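Peer 1: coords below, sequence missing:
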């Protein structure tokens, strides 16, 4: 581990900068005051299935959003760290399309904090997979980076290739809920060499953003098909209709 003197020297040469705007901050991988204030962190009362914020005061009663009440989810519980809006959207897009891997460090901490009610001792973390052609084009799977970060923050094991995506699908942008689910039918499967890791386990699926939930549904169904006892989800951001 670098010494305090070495870290001080590094900060003198490369002072910590805000992850969003680049302004000077006190610590690495942080947000400045204005960016922190304007970042839509999710707190308070949330949907227990997807983590979207709900109106009302936080309570011990389990509540669900309209989407999760009207669409049966193949997972039991879920959380998200941010709303997919303004700074939340900027962070997701910067990670996904801007090669901003530095975002993973703070994002994983935020996600681990949001996931606290979901965690169990037997849990295995796994990312939503990319098709190999998209992986070749993008060079990395942002969900896998987040999964590894969450694993480091929680101390839970992670399997980056627990699931595979042998079926190439077109972009889901602009499609309705039914079309999204149809597009992803059988697109995600358990890795044939990782089947024993799924049997009887609680799986925490990681993705960067949840919109309709179609991708996470396909991944959750793949886990259940291989014998997972329970599946829960965690995303960096959750798209909401009121965003």
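Peer 2: Yes, it's here. Predicted model only: the values in this text are computed from it and were never measured.
Peer 1: pull up the gap between residue 226 and residue 81, please.
Peer 2: 28 Å (CB to CB, to the nearest Å). In short, each C-beta sits where N, CA and C put it, glycine included.
Peer 1: so where's the protein uncertain?
Peer 2: Counting by pLDDT under 70, the ranges of the chain that qualify are 1-14, 170-176, 181-183, 242-243.
Peer 1: next, work out how far apart residue 229 and residue 203 are.
Peer 2: 9 Å.
Peer 1: compare neighbour counts for the two and give me the winner.
Peer 2: Shown here are residue 229 and residue 203; by other CB atoms under 10 Å, residue 203 has more neighbours (28 against 15).
Peer 1: so that one touches residue 224, yeah?
Peer 2: No: using CB atoms under 8 Å, residue 203 is not in contact with residue 224; the gap is 9.0 Å.
Peer 1: give me the common contacts of these two.
Peer 2: Counting by CB atoms under 8 Å, 6 or more residues apart in numbering, the shared contacts of residue 203 and residue 224 are residue 231.
Peer 1: hmm, back to that, who has more neighbours out of residue 226 and residue 81?
Peer 2: Higher neighbour count among residue 226 and residue 81: residue 81, with 28 against 21, using other CB under 10 Å.
Peer 1: can you count the residues close to the closest residue to the more buried one other than its chain neighbours?
Peer 2: Nearest non-adjacent residue to residue 81, counting by CB to CB, 6 or more residues apart in numbering: residue 110, 4.0 Å away. Residues contacting residue 110 under the criterion other CB under 10 Å number 21.
Peer 1: so what's residue 110 up against?
Peer 2: If a contact means CB under 8 Å, 6+ apart, then residue 110 has 41, 81, 82, 236 as its contacts.
Peer 1: out of these, flag the one nearest to residue 132.
Peer 2: Checking the contacts of residue 110 against residue 132 with CB to CB, the nearest one is residue 236 at 23.1 Å.
Peer 1: partner strands of the host helix or strand of the closest one and their direction?
Peer 2: Taking DSSP states H and E as the criterion, residue 236 maps to strand 230-238. Taking DSSP bridges as the criterion, strand 230-238 forms sheet pairs with strand 77-83 (parallel), strand 202-210 (parallel).
Peer 1: tabulate these (a markdown table), appending distance to residue 158.
Peer 2: Below are those laid out as a markdown table (distance: least, CB to CB, whole Å):
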| stretch | distance to residue 158 |
| --- | --- |
| strand 77-83 | 17 |
| strand 202-210 | 9 |
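Peer 1: so which of those strands is nearest residue 194?
Peer 2: strand 202-210 (11.0 Å).
Peer 1: how far out from the middle of the chain is that closest one?
Peer 2: Relative to its parent chain, strand 202-210 has a centroid offset of 5 Å by CA atoms, centre = their mean, to the nearest Å.
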